[in-house]
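**Q** 3D, please:
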Amino acid sequence: MLKNIEVTEDLLDYIYNHTKPLHDVQKDILEHNKKLGDLQRMQIAETQAHFLQLIIKIQNVKNCLEIGTFTGFSALTMALALPDDGKLTTLDHDEKICKIAKDFFKKANLETKIKAVIGPALDSLRKISQEEKKFDLIFIDADKGNYINYYKKCIDLVNTGALIIFDNVLWHGDVHKKTINNKQTKTMRDFNEFIKNDNRIENFILPIGDGLTVCRKL
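**A** Numbers count the residues shown, from 1 in each chain. Below is the predicted model:
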């Protein structure tokens, strides 16, 4: 049986050195986040960023929704891959940190392509649903306790063939460890089981970053 290789920091450095360089403002956000201490963990991995950009281009995505803005790295990443007429809406409850993200969007000349909505995400999703908007791709990287609730709202916001992608589904690699049963780990296990059993989608967990679940609506 073939085994996956171990992805070390040295190997990641090699991968990044042989991959298209990040945009200057992406690099600026990464440098900013390094100063945030433990909060930096809320940022997606560079491998995930490259994957999201590739998916957007392969799927000809034009309209994206993101739940969980943080300092804007993932939103900016996706917006850079969208066509000129593409749009991205990003939701977050933290006005202060969204201000940081919007400053980066402006620095990259993407403020007209990205719309930041401040407020509880479930409230924002209800409003979006009432407007009968549809998205080609939804990326979710927010409070894990609401992942199932977000999914239930988002499944009706995408058409057949569209994607919903979740971050952190492997939860530091702990989801399979029977000896670890803290609340957050159990929450992710419950979510993974829920997604696995939903016949409205086909899904696969990619072991990049902290784990991405890619769901395709059937």
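**Q** hey, let's count contacts and neighbours off CA atoms from now on
**A** Noted.
**Q** longest single strand anywhere in the protein?
**A** Ranked by residue count, the top strand of the chain under DSSP state E comes out as strand 158-167.
**Q** Parallel or antiparallel, which strands does it pair with?
**A** Here strand 158-167 is paired, per DSSP bridges, with strand 135-140 (parallel), strand 212-217 (antiparallel).
**Q** contacts for stretch 74-84?
**A** Stretch 74-84 is contacted from outside by 26, 43-44, 49, 52-54, 56-57, 61-62, 66, 69, 86-88, 90, 105, 110, 113-114, using C-alpha atoms under 8 Å, 6 or more residues apart in numbering.
**Q** other SSEs contacting the lowest-mean-pLDDT helix or strand in the chain?
**A** Every helix and strand in the chain was compared by mean pLDDT, DSSP states H and E; the lowest is helix 9-17, with a mean of 94. If contacts are counted by 3 or more C-alpha pairs under 8 Å, 6 or more residues apart in numbering; DSSP states H and E, helix 9-17 sits against no helix or strand.
**Q** Give me the distance between that helix and the centre of its chain.
**A** Centroid separation between helix 9-17 and its chain, computed with C-alpha atoms, centre = their mean, to the nearest Å, is 22 Å.
**Q** All further residue positions should be reported with the first residue as 24.
**A** Happy to do that; since the first residue is 24 now, the last one works out to helix 32-40.
**Q** Kindly export whatever helix or strand comes next after it (C-alpha atoms) in PDB.
**A** On the C-terminal side of helix 32-40, the closest following helix or strand by DSSP states H and E is helix 47-57. Presented in PDB, the C-alpha positions along helix 47-57 are these (Å, rounded to 0.1, in the frame of the first residue of the first chain):
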ATOM      1  CA  ASP A  47       3.000  41.400  -3.000                       C
ATOM      2  CA  VAL A  48      -0.100  42.200  -0.900                       C
ATOM      3  CA  GLN A  49      -0.600  38.500  -0.100                       C
ATOM      4  CA  LYS A  50       3.000  38.600   1.300                       C
ATOM      5  CA  ASP A  51       2.200  41.800   3.200                       C
ATOM      6  CA  ILE A  52      -0.800  40.100   4.900                       C
ATOM      7  CA  LEU A  53       1.400  37.100   5.800                       C
ATOM      8  CA  GLU A  54       4.000  39.400   7.400                       C
ATOM      9  CA  HIS A  55       1.300  41.200   9.300                       C
ATOM     10  CA  ASN A  56      -0.200  38.000  10.600                       C
ATOM     11  CA  LYS A  57       3.200  36.800  11.900                       C
END
